[in-house]
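> what's the 3D shape of this:
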Amino acid sequence: MRWRTTFSSLVLSLSLGTPAAAQSAMPAARWDTSPSLTVGGFLGYQRGLSFQMIGTARGFAQDFPVQARFRLGRTAVEPGDPGDARRIFINDATNGTPKEKGHTWDFGLDGLYPMGDRTNFFGGVRYSRFKANFKYVGGNEDFDVTSSHWGVAGGVEASYPMGRKTSLILSAGAEIFLSSRLTGHDTSYSPDGDHVNPRNDYDYTDADEAVGQPNWRPMILVGVNYRLGG
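Coordinates of the predicted model:
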């Protein structure tokens, strides 16, 4: 019977281990020391050709799943109707050959939440500065229409490794912007009706329809991420 007791004690000792061994077998809590910053860029469509520079940071806290992404971009946009813009912001003249161009400078902050091994949901805030230029060659008129807008964005993206530090990103979503004051020449139109030197009986709706300021924009982008560090 003694050998049975000795064998049982040995099995129990191997299973549980000594207190020191049991303590060393427990996983130790530690912070993630892997690189926490990536940089890259997007190219794609946002109601016009858009180029964006991006920086993504992670590792704010242990096991915190959300990453933060900063965006700075420039998008070529449709400026609007040169004839309507001239009438609403300057005068009723029709002489000269119109030439127009428009763009936005876009700033964004997104949170990225993982949906799978390669996919993320993103959502965040936007600030966009719109500028349209209307020039009438031979008509001696050249003026800008400008506005600034706050908005929100959301969508999904997928990431595909291209190397040890580089990934291809496919992103799709939409942005929605709040209405904002439109200013051109010495005239401005506000959504709340607080206009400055309005022409004829025009109001904010007329000005908004005449130019291509952002209200909502679909996003279809292709980008590359590069991981900094080791």
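> mind showing which ranges of this protein have poor pLDDT?
Applying pLDDT under 70 to the chain flags residues 1-35, 60, 230.
> Tell me which stretches of it form strands.
Secondary structure of the chain by DSSP state E: the strands cover 37-45, 49-57, 67-76, 97-114, 119-137, 141-161, 166-177, 182-184, 187-189, 216-227.
> Now do the first one: distance to the chain's middle.
Relative to the chain's own centre, strand 37-45 is displaced by 10 Å; criterion: C-alpha atoms, centre = their mean, to the nearest Å.
> which secondary structure elements does that strand contact?
The criterion is 3 or more C-beta pairs under 8 Å, 6 or more residues apart in numbering; DSSP states H and E, and the helices and strands that strand 37-45 contacts are strand 49-57, strand 166-177, strand 216-227. In short, each C-beta sits where N, CA and C put it, glycine included.
> quick one on the thing from earlier: could you export the strands of the chain to CSV, including columns for mean neighbour count and distance to Y202?
Shown next, in CSV, are the strands of the chain (neighbours: other C-beta atoms under 10 Å; distance: least, C-beta to C-beta, whole Å):
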stretch, mean neighbour count, distance to Y202
strand 37-45, 17, 31
strand 49-57, 17, 31
strand 67-76, 18, 27
strand 97-114, 17, 19
strand 119-137, 18, 16
strand 141-161, 17, 13
strand 166-177, 17, 22
strand 182-184, 22, 11
strand 187-189, 22, 7
strand 216-227, 17, 23
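> Please name whichever of those strands is nearest to P82.
The closest of the strands of the chain to P82 is strand 97-114. By C-beta to C-beta, the value is 3.6 Å.
> Show me what the closest one is packed against.
Contact here means 3+ C-beta pairs under 8 Å, 6+ apart; on that basis strand 97-114 packs against strand 49-57, strand 67-76, helix 82-89, strand 119-137, strand 141-161.
> What is the first one packed up against?
In terms of contacts (3+ C-beta pairs under 8 Å, 6+ apart), strand 49-57 is packed against strand 37-45, strand 67-76, strand 97-114, strand 216-227.
> That one pairs with which strands, parallel or anti?
Sheet pairing for strand 49-57, assigned by DSSP bridges, gives strand 37-45 (antiparallel), strand 67-76 (antiparallel).
> As JSON lines, those strands with distance to A153 would be great.
As requested, the strands paired with strand 49-57 are exported to JSON lines (distance: least, C-beta to C-beta, whole Å):
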{"stretch": "strand 37-45", "distance to A153": "13"}
{"stretch": "strand 67-76", "distance to A153": "9"}
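> Pull stretch 113-132 out as PDB, backbone CA atoms only.
The C-alpha trace of stretch 113-132 is given here as PDB (Å, rounded to 0.1, in the frame of the first residue of the first chain):
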ATOM      1  CA  TYR A 113     -12.400  49.100 -35.000                       C
ATOM      2  CA  PRO A 114     -11.500  45.600 -36.100                       C
ATOM      3  CA  MET A 115     -14.300  43.500 -37.700                       C
ATOM      4  CA  GLY A 116     -12.000  40.600 -38.700                       C
ATOM      5  CA  ASP A 117      -8.400  39.600 -39.300                       C
ATOM      6  CA  ARG A 118      -8.100  42.000 -42.300                       C
ATOM      7  CA  THR A 119     -11.100  44.300 -42.100                       C
ATOM      8  CA  ASN A 120     -11.900  47.400 -40.000                       C
ATOM      9  CA  PHE A 121     -14.900  49.700 -39.500                       C
ATOM     10  CA  PHE A 122     -14.000  53.400 -39.400                       C
ATOM     11  CA  GLY A 123     -15.900  56.400 -38.300                       C
ATOM     12  CA  GLY A 124     -14.900  59.900 -37.400                       C
ATOM     13  CA  VAL A 125     -15.100  63.700 -37.900                       C
ATOM     14  CA  ARG A 126     -14.200  65.800 -40.900                       C
ATOM     15  CA  TYR A 127     -13.400  69.500 -41.500                       C
ATOM     16  CA  SER A 128     -13.400  70.600 -45.100                       C
ATOM     17  CA  ARG A 129     -12.500  74.000 -46.700                       C
ATOM     18  CA  PHE A 130     -14.100  74.500 -50.200                       C
ATOM     19  CA  LYS A 131     -12.900  76.900 -52.800                       C
ATOM     20  CA  ALA A 132     -14.300  77.500 -56.300                       C
END
